[in-house]
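J.: Give the three-dimensional model of this entry:
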Amino acid sequence: MYRKLKKLNWRSLIHIQRHLHRKSTKVILAVLLLCFVVRLIPYLAPVRATNIAQNQLAIQFSDRHGLPLGTLLTRDQEHTATVPLNQVSAQFINAILAAEDGSFYHHGALDNKAIVRAIKEAIQAKKIVSGASTITMQLARMLDPVPRNLAGKLQEIWLSWRLTAGMNKNEILSAYINRLPMGGNIYGVEAAARIYFSIPASDLNLAQASLLAAIPNNPTYFNPYDHWERLKQRQKYVLNRMVQDRYITRPIAERIYTEKVIFQSRQKGIIAAPHFLFWLATQSTPEQESSPIQTTIDRPLQQFVEAQVQQVIASLAANNVHDAAALVIDNHTGEVLSYVGSPDYFNEAKLGRNDGVQALRQPGSTLKPFVYELALEKKLIRPNTILADVPSYYAIPGAKLYSPTDYTENFLGPVRVRVALANSLNVPAVKVLEKVGVETFLARLHQLGFEHLNQTPEYYGLGLTLGSGEVSLWELARAYLTMARQGEAAQLVTTFDHSPSQNSPSKIENSRFWQLITDILSDRHARATAFGVDSVLNLPFPTAVKTGTSSNYRDTWTVGFSTDYTVATWVGNFNGEPMRQVSGVTGAAPLWNRIMLHLHQHQEPEGFQPPEGLVQLPICAISGLKPTPNCTSVVQEYFAPEDKIAYENQQNFNLPSEYDEWLARQNQSNCAASNFRILSPHNGDLFLLYPGEQAKQKLEFKLAGTSAPVEWSLNGEKLATQSANTLFWHLRPGNWTLEARSGEKSDKVSFRVELAGIKPTRRGFSIAKPPLSQH
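T.: So this is what the prediction gives:
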């Protein structure tokens, strides 16, 4: 009984399982079928005009006076503009219908008569003589390009049916003429009319319309710039078709064919400031695009600056200089008056579309004024501080020690802040940044609008003040505008849309130090050592200016301002090639000079305000101290009121040990020649020996005060007995006492060498003890 029941239950289970399996299979098939239908619905539904609407609209721009600057047809490289059918010349509509689909309004998606005709002609000629594609089929191909095979043709026909099901004839024709390929990267009749003839599509006459209608059949083959005779032959075909379709008479066709039509060069569509217009189009909102945009550009000034850019580049061609950019700003309003991104936007072979105003490049020394202002603001230096422009050595991880040199490739020794900044001396600038701190300076640069300096402080290192980061000319001009406005930051204004600024201007204290920096940068006598008194930087009216040159002469900059205008210029090569011995003063400065003179040709600017709250006192130009009877050159310098007491009580200035090497290089220094002294290393110096660098790292022993043979000893062990006053020694860990003897003279110093850990990888450099050297 049990076995029979067990057998029955087993068979029942199998039956139930099979039943459930059949049922689940049906469910799965139903789900798959439903998914297939859902996926297929988009390919079955009619296509409406709203489904394929084009959003690109032509954007018209004018300058501040209402003068036209040009019309952009799109934001990208494909020039496209969309216009309603009622804003297209009837002459063009007739011409394109006659050329492409004469019975467009009398058939559906397909033209059955044309298909039969095409097949018959192909059989007779044994080759394809004419096509049968309707305008609707061509639109389908524009919307969804497919391979030219049977499967592709079927897909094209299917989409044509869907277009016909969802749109009327005028909607199809409108979508078609706004997408027509019109040669190169030009699409649509409106774009073609504006680029080729500088008119809207509504103004096309019959001659222009018949030529444009001839292009879409084969835009490359009938390109009006390259194949004019071919295009004329195609125009004859279009006109003949128009005669056949009774749009025009034969005499009119013959007259129109002989009518002279001038195709303007493509750049005629943009009268001035192409880089600015393309850049502005990427910044504009849909609300701005709906109406002509009035910009802050001054067209006559813009065209002058464009011409000067081309002339300066031509004069520097022998120095392998090919590119330049310039920006002019109104200091009172922040309005951009001129924006030149390259010598010729339309010269693609010379990378003319590159925008030198927005491109990121190394700024050279143009950031130095901002580190000095910050140091003054934080009272880390005073207006009368003496800085050491002497040989200094900085550790660059993974490379040799770096020793900055100045523009003149000399060292000036003790220099005033004014002289150090005005002459763009590198060593003092690095020493000032060391006081300020890279992190603090980087935060200030961010506050000034240098948004592309987005790496860590360790990445830039002390080289930040010499241009180790990358900035744009736009950012530099905005920062110098803040300086011109005495610390009051302002957004650069490009249009008169009267929209309120999202960021209210902020004040970067303290205004008197911005005024002091301006005074220094406008002091032609202070910068005379490096640039001369009558350099191209000196104008017949007050201007503050700073130059910059990146490494290997790849970039040159000049940024400066009067009380009315800020002008920023860049000269270099977009492809990164170095120029041949072209610096900021010989590359970008002549362009800056020409623009500044032009801006003030009718009215000179007012002078700069003297630094508020500072007093001028006479000092000796050499020492920076209160003049003595022996001082041969007395100049005026600004002092903070609290420094007047120290000024009155100043004693003789004794140079500390950091000047030793510099003194040793001065042939005229009798003091240095007579004082027997070890200049390197200094007493108490610590040197780091990096792993794997033991064979390369050497320490230079240097002595001053004798020309006789020198006996060197280290920890009592003689190294050399008949040596000169310099000797190189391979670093070894330990505590060392170095002694030098020459006759009755001797000197002794102690130093230490330690093993360092693994060196980090970063772009900048940091402070190190001098004068470690690798040979």
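
J.: what's the burial count for the residue nearest to residue 49 when sequence neighbours are not counted?
T.: Nearest residue to residue 49, sequence neighbours excluded (C-beta to C-beta, 6 or more residues apart in numbering): residue 171, at 4.4 Å. For glycine as for every other residue, the C-beta is placed from the backbone atoms N, C-alpha and C. Residue 171 is flanked by 16 other residues according to other C-beta atoms under 10 Å.

J.: Now do the phi/psi pair for residue 171.
T.: phi -70, psi -40 (degrees, to the nearest 10).

J.: Correct me if wrong: it contacts residue 50.
T.: No. The criterion here is C-beta atoms under 8 Å, and residue 171 misses it with residue 50 at 9.7 Å.

J.: on that earlier part again, I'd like the distance between the residue nearest to residue 49 and residue 100.
T.: Distance, residue 171 to residue 100, using C-beta to C-beta, to the nearest Å: 17 Å.

J.: now residue 442
T.: 61 Å.

J.: go on, residue 458?
T.: Taken as C-beta to C-beta, the span from residue 458 to residue 100 is 64 Å.

J.: which residues pair with residue 702 across the strands?
T.: residue 680, residue 726 (DSSP bridges).

J.: Kindly apply the preceding question to residue 557 instead.
T.: Note on residue 557: beta-bridge partners residue 548, residue 570, judged by DSSP bridges.

J.: next one: residue 617
T.: Here residue 617, judged by DSSP bridges, has bridge partners residue 637.

J.: what's the spacing between the residue lying closest to residue 45 once chain neighbours are set aside and residue 179?
T.: In space, and not counting its chain neighbours, residue 45 is closest to residue 162: 7.1 Å by C-beta to C-beta, 6+ apart. Residue 162 is 17 Å from residue 179, where distance means C-beta to C-beta.

J.: one step back: and the gap between the residue nearest to residue 49 and residue 194?
T.: 23 Å.

J.: Could you list the low-pLDDT ranges of the stretch 51-200 of the chain?
T.: When residues are selected by pLDDT under 70, those of the stretch 51-200 of the chain lie in 55-58, 73-79, 114, 117-119, 121-132.

J.: Residue 51 is in contact with the residue nearest to residue 45, correct?
T.: No. Assessed by C-beta under 8 Å, residue 162 is found out of contact with residue 51, at 9.6 Å.

J.: more crowded one of the two?
T.: residue 162 (21 against 14).

J.: would that one count as being in a helix?
T.: Yes. Residue 162 forms part of a helix when assessed by DSSP: H, G, I helix; E, B strand; the rest coil.

J.: what's it in contact with, if anything?
T.: Taking C-beta atoms under 8 Å, 6 or more residues apart in numbering as the criterion, residue 162 is in contact with 43, 44, 45, 46, 47.

J.: Regarding residue 750, what is its secondary structure?
T.: With three-state DSSP as the basis, residue 750 sits in strand.

J.: ok, it to residue 718 distance?
T.: For residue 750 relative to residue 718 (C-beta to C-beta), the value is 18 Å.

J.: what about the two, which has more around it?
T.: Neighbour totals were compared for residue 750 and residue 718, and residue 750 leads with 15 against 11 (other C-beta under 10 Å).

J.: Burial check on the residue nearest to residue 725 when sequence neighbours are not counted, number of neighbours?
T.: Setting aside the residues directly before and after it, residue 725 is nearest to residue 703 in space (C-beta to C-beta, 6+ apart), at 4.0 Å. Neighbourhood size, residue 703 [other C-beta under 10 Å]: 24.

J.: you'd agree residue 703 is up against residue 677?
T.: Yes. With contact defined as C-beta under 8 Å, residue 703 reaches residue 677; the gap is 7.2 Å.

J.: Name the residues contacting each of the two.
T.: Joint contacts of residue 703 and residue 677 (C-beta under 8 Å, 6+ apart) are residue 747.

J.: what pairs with residue 740 across the strands?
T.: residue 712, residue 747.

J.: what's around it, how many residues?
T.: Residue 740: 25 neighbours (other C-beta under 10 Å).

J.: OK, contacts around it?
T.: Residue 740 sits in contact with 678, 701, 703, 710, 711, 712, 746, 747, 748, where contact means C-beta under 8 Å, 6+ apart.

J.: The same query, at a cut-off of 7 Å, please.
T.: Each residue near residue 740 by C-beta atoms under 7 Å, 6 or more residues apart in numbering is listed here: 678, 703, 710, 712, 746, 747.

J.: Now for the third one: which residues touch it?
T.: In other words, residue 710. Neighbours of residue 710 in contact, by C-beta under 7 Å, 6+ apart: 703, 723, 724, 725, 740, 742.
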